[in-house]
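> need coordinates for the below:
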Amino acid sequence: MPYTIQAENTDLFSIDAQGELNPDNIPEAVDQIMEQTSEEDPGSLLVRLQHMDLGTLHNVASSWSRTAEFFALQKRFNKVAVLTDQPWVRQSAKMQAVALPDTELKVYDLADEADARVWLEKQAAPAAEPELA
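Next up, the predicted model:
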């Protein structure tokens, strides 16, 4: 299988994909993530994309990003870190981030996984309470 999905803990999921993805496998992967995540308690997602085939990834991302499943899935993650070994995947992920208005997305080199994990684990600072005079 060209991808694996793992629940590392209740707040962090990881997806590893490499080579040529089969668009027919996407619904199965989405179902697997949807079963293990919650819209009420969004978590973080670490995605590793290695040696990706340009045509396949583009076709999958292009058609899938317009589906209802994509919009439902994005509500389950506050943060997404994409690790990749290819500059064109990095650019593509940054462009795809526009379709994720409620999700923070950062792209890292594969060698920077530790930095990506630190960023994913960092909680947003609570809003400051106004001081009463």
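
> please make it C-alpha for all contacts and neighbour counts, starting now.
Will do.

> report the distance from the helix or strand containing Asn78 to the chain centre.
Using DSSP states H and E, Asn78 falls within strand 77-84. How far strand 77-84 lies from its chain's middle: 4 Å, per CA atoms, centre = their mean, to the nearest Å.

> direction included, what does it pair up with?
Sheet pairing of strand 77-84 (DSSP bridges) gives strand 43-50 (parallel), strand 104-109 (parallel).

> out of these, nearest to Leu120?
strand 43-50 (6.2 Å; CA to CA).

> what's that closest one in contact with?
By CA atoms under 8 Å, 6 or more residues apart in numbering, the residues outside strand 43-50 that reach it are 10-19, 37, 76-86, 89, 110, 116-117, 120.

> am I right that Asn25 falls within a strand?
No: counting by DSSP: H, G, I helix; E, B strand; the rest coil, Asn25 is not found in a strand; it is helix.

> please shift the residue numbers so they start at 24 in all later answers.
Noted, 24 is the first residue going forward, which turns the last one into Asn48.

> what about it, how many residues nearby?
13 (other CA atoms under 10 Å).

> Leu68 pairs with what?
Phe36, Val103.

> and it, what pLDDT?
Here, the pLDDT recorded for Leu68 equals 91.

> repeat that for Thr90.
For Thr90, pLDDT reads 62.

> the closest residue to Asp135 other than its chain neighbours and Met75, how far apart?
Spatially, and ignoring its direct neighbours in sequence, Asp135 is nearest to Leu106 (7.6 Å; CA to CA, 6 or more residues apart in numbering). Look at Leu106 and Met75: by CA to CA, to the nearest Å, they are 12 Å apart.

> ok, the two, which is more surrounded?
The neighbour count for Leu106 versus Met75, taken as other CA under 10 Å, is higher for Leu106 (24 against 19).

> could you look up the SS state of Met75?
Met75 is classified as coil under three-state DSSP.

> Gln41 is in contact with that one, correct?
Yes: with contact defined as CA atoms under 8 Å, Met75 reaches Gln41; the gap is 5.4 Å.

> thanks again, I'm all set now.
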